[in-house]
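Trainee: below is the sequence, then the predicted model.
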Amino acid sequence: MLLVDASDSGIGGVLQQLVDGIWQPLSFFSKRLKPAETKYSTFSRELLAAYLAVKHFRHMLEGTNFAIYTDHKPLVYAFNTKPDRHSPREIRHLDFISQYTTDIRHIKWTTNVAADALSRAQINAIHTTSTIDLARIAADQENDEELLKLRNSSSLKFQHVPLPSSTSHIWCDISTGYQRPYVPQKYRREVFSALHSLSHPGIRSTQKLISTRFVWTSINKDIREWTKCCVACQKAKFHRHIKSPIGSFSQPDARFQHVHIDIVGPLPPSQNYSYLLTCEELGYTPAELVYGTTLTLPGQMIEPVSQNFPDPQQYVHQLRTSMSQLSPSGPRQQNVVSRVPKEINTWTHVFVRNDGIPSQLRPPYSGPYKVIKREPKYFVLDIGGKRNTVSIDRLKKAFIEEDLHSVPSFPQTDSAAPANTTDSAQPRHTKSGRTVRWPARFVQVFRVSSELLTYPSS
C-alpha cells in the first residue's frame with residue numbers, strides 16, 4: 001500500500017508491503033511545495049501528493065495491485081465524480097494515477113503518522129540545548145591541580161557534596177550560601193553554551209546567570225569574551241551606529257576642475273521623463289557664468305537714477321575690478337556629529353546592517369565578512385567570494401574568537417621545560433587570522449622546501 005499526505009509546505013509518501021501479517025516500509029518520499037503549489041486547495045494538494053508519490057515509485061508499482069491511503073476523505077470519491085467538477089490540472093493527475101490504480105481508501109490521520117511527518121518541511125534537525133554532565137565534571141575534578149590550589153589558598157569554601165543521581169561526589173563552593181560546582185577548564189565552554197544559548201542575554205546577565213550556579217578562576221573574564229564572540233548575539237543586537245563625517249572639498253583653482261553630477265527623482269512624469277540630471281561646477285556660481293554682460297541690479301528699480309550716471313564702459317570696468325578683488329569664502333560645514341571608532345582601521349571582520357524593509361525573522365545584521373580594503377568612507381568586503389563596496393555607516397565590528405582559554409590564576413612552574421624553544425613552539429598566523437602552532441615535522445618540511453626554493457642546487 002501507498003500512504004500519502006500533504007501539508008501547507010510539503011508532501012510525503014510511504015510505500016509499505018505486508019510481510020507475515022505486518023506492514024513494513026519499503027521506501028520514503030518527501031518534497032517541498034513550490035510557492036504556487038502552496039496556494040492550492042486541500043483537495044488539490046492531497047491529489048498532488050498521490051500523483052507525485054505514484055510517479056516517484058512507479059518503477060516499483062508497475063504490474064502490482066496496490067491501494068492509495070489518504071486521510072482526506074473527499075479524495076476517495078475522485079474517480080466517481082463528474083470530470084467537469086475538476087480543473088484540467090486535477091484531471092491530468094487523476095489520469096496518470098488511473099494508469100496504475102483506481103483504489104483510493106481513507107484512513108484516520110492518527111494512523112498516517114509517517115507520511116504526515118514527511119510532508120512537514122519544518123520538521124528537520126532539532127538543535128537542543130546541550131546538557132551539563134555533572135558526573136563527568138566530578139570525575140575530572142579529582143586530577144585538577146587548579147582546584148587543589150584553590151582549596152588550599154583561596155577565600156572560597158569547598159565542600160564534597162554527593163550527587164543526587166549518582167554515587168560519586170562533586171566539589172562545590174558554599175561561600176555564597178549556594179552550592180556552586182567547580183568546573184574544570186575543558187568543560188567551561190560547554191557550561192557557557194548550555195546557559196547562554198537559552199535566551200542569549202548580555203554580558204552582565206550572562207555573568208550573573210553562570211556565576212550563581214558554577215565557579216572557576218577568571219569566570220567573569222571568560223564569560224565576557226565568549227559573549228562578545230557569540231555570532232547570534234552580534235547578528236541580532238543593535239549597537240551605536242557609525243556616522244561618518246561629511247566629505248569636504250578643496251576650493252578649485254581652475255574652471256571645471258570639480259563638477260558634481262547627480263540624478264534627482266523620481267518626479268511626476270513630464271513628457272515621459274521622471275528624473276533630472278544635474279551638473280554643478282564647484283568653483284563658480286551661476287552668476288559668474290554671465291560675468292561681463294549688462295546686469296540689472298535691484299537698486300535701479302527702487303532708487304532714483306542720478307543725472308551724473310557713469311559711462312557704461314566705465315561701469316563695467318569698475319565692476320570687473322571689484323569682482324577681481326573679492327576673495328572666495330569657504331563652504332559652510334553642517335554641524336553634524338560624526339561617530340567613527342578610532343580603531344576602525346584595525347577591524348579584520350565586520351557585520352553589515354540590513355537596510356530596507358525587514359522580512360519576517362530576518363536579523364538586522366549579516367556576516368561576519370572579511371575586510372579586503374579600507375577607505376575613509378567605505379570598506380571593500382569579501383561577501384560570498386565577491387568583492388563588495390559597503391559604506392562604513394552600515395558596518396559593525398565583528399568579534400572573532402581565536403584562542404579564548406581561561407588563564408590560570410597561579411603561575412605554573414615546570415623545571416623540565418627546555419631553555420631554547422624550537423620553531424614549532426612559535427605561534428603562526430593563518431590567512432583567516434587564527435593563531436596556530438605547527439608540529440615539528442611540518443616545520444622541518446617547510447624549512448627544507450624554503451631552502452630548496454631560495455638556494456637552487458648547482
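Mentor: That came through fine.

Trainee: and residue 436, what are its bridge partners?
Mentor: Beta bridges link residue 436 to residue 428 when assigned by DSSP bridges.

Trainee: packing partners of the helix or strand encompassing residue 316?
Mentor: Element membership of residue 316, judged by DSSP states H and E, is helix 312-324. Judged by 3 or more C-beta pairs under 8 Å, 6 or more residues apart in numbering; DSSP states H and E, helix 312-324 is in contact with no other helix or strand. In short, each C-beta sits where N, CA and C put it, glycine included.

Trainee: pLDDT averaged over that helix, what's the number?
Mentor: On average, the pLDDT along helix 312-324 is 80.

Trainee: stretch 141-154 too?
Mentor: Here the average pLDDT along stretch 141-154 is 84.

Trainee: start and end of that stretch, how far apart?
Mentor: 17 Å (C-alpha to C-alpha, to the nearest Å).

Trainee: how distant is it from the center of its chain?
Mentor: 41 Å (C-alpha atoms, centre = their mean, to the nearest Å).

Trainee: cool, and stretch 86-94?
Mentor: The answer for stretch 86-94 is 43 Å, by C-alpha atoms, centre = their mean.

Trainee: what does stretch 27-37 give?
Mentor: 27 Å.

Trainee: that stretch: which residues count as buried?
Mentor: Neighbour-count burial for stretch 27-37, counted by 16 or more other C-beta atoms under 10 Å, picks out 29, 30, 31, 33, 37.

Trainee: shouldn't the fourth one be in contact with residue 39?
Mentor: So the one you mean is residue 33. No - contact criterion C-beta atoms under 8 Å: residue 33 and residue 39 do not qualify, at 9.3 Å.

Trainee: quick one, helices of the stretch 251-400 of the chain?
Mentor: 286-289, 299-302, 312-324 (DSSP state H, counting those that start in this stretch).

Trainee: which of the helices and strands in this protein ranks last by mean pLDDT?
Mentor: helix 440-454 (a mean of 48; mean pLDDT, DSSP states H and E).

Trainee: among the buried residues of stretch 27-37, name the ones in strands.
Mentor: 29, 30, 31 (DSSP state E).

Trainee: these into JSON lines, with extra columns for pLDDT and distance to residue 175?
Mentor: JSON lines is the format used below for those (pLDDT from 0 to 100; distance: C-beta to C-beta, whole Å):
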{"residue": "29", "pLDDT": "90", "distance to residue 175": "61"}
{"residue": "30", "pLDDT": "90", "distance to residue 175": "56"}
{"residue": "31", "pLDDT": "90", "distance to residue 175": "60"}
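
Trainee: let's see the pLDDT reported for the residue most central in space within the chain.
Mentor: Nearest residue to the geometric centre of the chain (C-alpha atoms, centre = their mean): residue 366, 3.4 Å. The model reports residue 366 with a pLDDT of 88.
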